[in-house]
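Q: Predicted model follows, preceded by the sequence.
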Amino acid sequence: MRLSMAKPLLPSPRKRTVVLISGRGSNMMNLVEAARAPDYPADIVAVISNRPEAAGIPWAKAQGIPATVIDHKAFKGRDAFEAELDKALTALDPDIIALAGFMRLMTPPFVTRWQDRMINIHPSLLPSFKGLHTHEAALAAGVKIAGCTVHYVRPEMDAGPIIGQAAVPVHSHDTAETLAARVLAAEHRLYPHALRLVATGKTSVRNEKVIISEDVNVFCPLISPGLAATN
Ligand code: GRF
């Protein structure tokens, strides 16, 4: 009699993820923390900053994560900087590049080379309030709901297929600082979730829109100002 043994299911390898930063690096730190969970589908294999003074670099090193600076100011132009960045990335062989406060616009050839493997977080509900000073712009517009967006990177700044968004209320007495803090807390919830979706292959881009397989439908409207204010 022959006994047939079921093949053990091999866990899919964690997706090699490189995080690009320019400064504080709180989103990068948050992704690193999320990736500590053994069942998290992405592994943060390196951190690269284009600014030598980025606070996230010593932090990543202290965690044992390879962290390097490629100072854009040390290069003659954008192309030379990107060639060096591309060399470093190619050597790391990433499945995913996660921009987290990376404050450098990239040329179309660079973006196209990493198309659909490069994602970004932006502190507004895109397509509203692209660019810098998003919280000031949201307050000036008088919107009652603000938030953040994770999207695939495209050559146009703060554009590209949207993977996920998180919304927060805007309060009447908000300043750019109080709103930024609330949005940042939402960013820290959204980015690990969005990276998980990408790393598990649940996102695909069709006609420049992201299709999520196994969409979870929760009906949970954020109403701002809260209903209690009128009751
Ligand atoms: C975040 O608000 C992010 O959305 C934006 O830049 C900021 C970076 O913050 N792109 P940190 O460096 O991750 O703390």
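A: The structure has been received and is ready for your questions.
Q: near the ligand at all, stretch 84-99?
A: No. With C-beta under 6 Å from any ligand atom as the criterion, the ligand is not reached by stretch 84-99; the gap is at least 7.3 Å. (Glycine included, C-beta is placed from N, CA and C.)
Q: For that stretch, output the C-alpha coordinates as CSV.
A: In CSV, the C-alpha atoms belonging to stretch 84-99 read as follows (Å, rounded to 0.1, in the frame of the first residue of the first chain):
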residue,chain,number,x,y,z
GLU,A,84,22.7,56.2,-9.0
LEU,A,85,19.4,55.5,-7.3
ASP,A,86,18.5,53.1,-10.0
LYS,A,87,21.8,51.2,-9.6
ALA,A,88,21.2,50.9,-5.8
LEU,A,89,17.6,49.8,-6.3
THR,A,90,18.6,47.3,-9.0
ALA,A,91,21.2,45.8,-6.7
LEU,A,92,18.5,45.4,-4.0
ASP,A,93,16.2,43.7,-6.5
PRO,A,94,13.0,45.0,-4.9
ASP,A,95,9.5,43.8,-5.7
ILE,A,96,8.0,47.0,-4.3
ILE,A,97,9.4,50.5,-3.8
ALA,A,98,7.5,52.4,-1.2
LEU,A,99,8.0,56.2,-1.2
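Q: Could I get the average pLDDT for that stretch?
A: Over the span of stretch 84-99, the pLDDT mean works out to 98.
Q: buried ones in it?
A: Under the neighbour-count criterion of 16 or more other C-beta atoms under 10 Å, stretch 84-99 has 85, 89, 92, 94-99 buried.
Q: Considering those residues, which is situated nearest to Ser22?
A: Leu99 (9.2 Å; C-beta to C-beta).
Q: Assess the claim that the closest one and Tyr152 are in contact.
A: No. Judged on C-beta atoms under 8 Å, Leu99 makes no contact with Tyr152 at a distance of 10.6 Å.
Q: Overlap of the contact sets of the two?
A: Listed as contacting both Leu99 and Tyr152 by C-beta atoms under 8 Å, 6 or more residues apart in numbering are 118-120.
Q: what would those residues look like in TSV with pLDDT, secondary structure and neighbour count?
A: What follows is those, written out as TSV (pLDDT from 0 to 100; DSSP: H, G, I helix; E, B strand; the rest coil; neighbours: other C-beta atoms under 10 Å):
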residue	pLDDT	secondary structure	neighbour count
Met118	98	strand	24
Ile119	98	strand	25
Asn120	98	strand	24
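Q: ok so, going back, identify the farthest-apart pair in the buried residues of stretch 84-99.
A: Leu85 and Asp95 (17.0 Å).
Q: So, low pLDDT: which residues of this protein?
A: For the chain, residues meeting the criterion pLDDT under 70 lie at 1-11, 229-231.
Q: What residues of the top helix by length along the chain count as buried?
A: Secondary structure of the chain read by DSSP state H shows that its longest helix is helix 176-199. Residues of helix 176-199 classed as buried by neighbour count (16+ other C-beta under 10 Å): 179-180, 182-184, 186-188, 190-192, 194-199.
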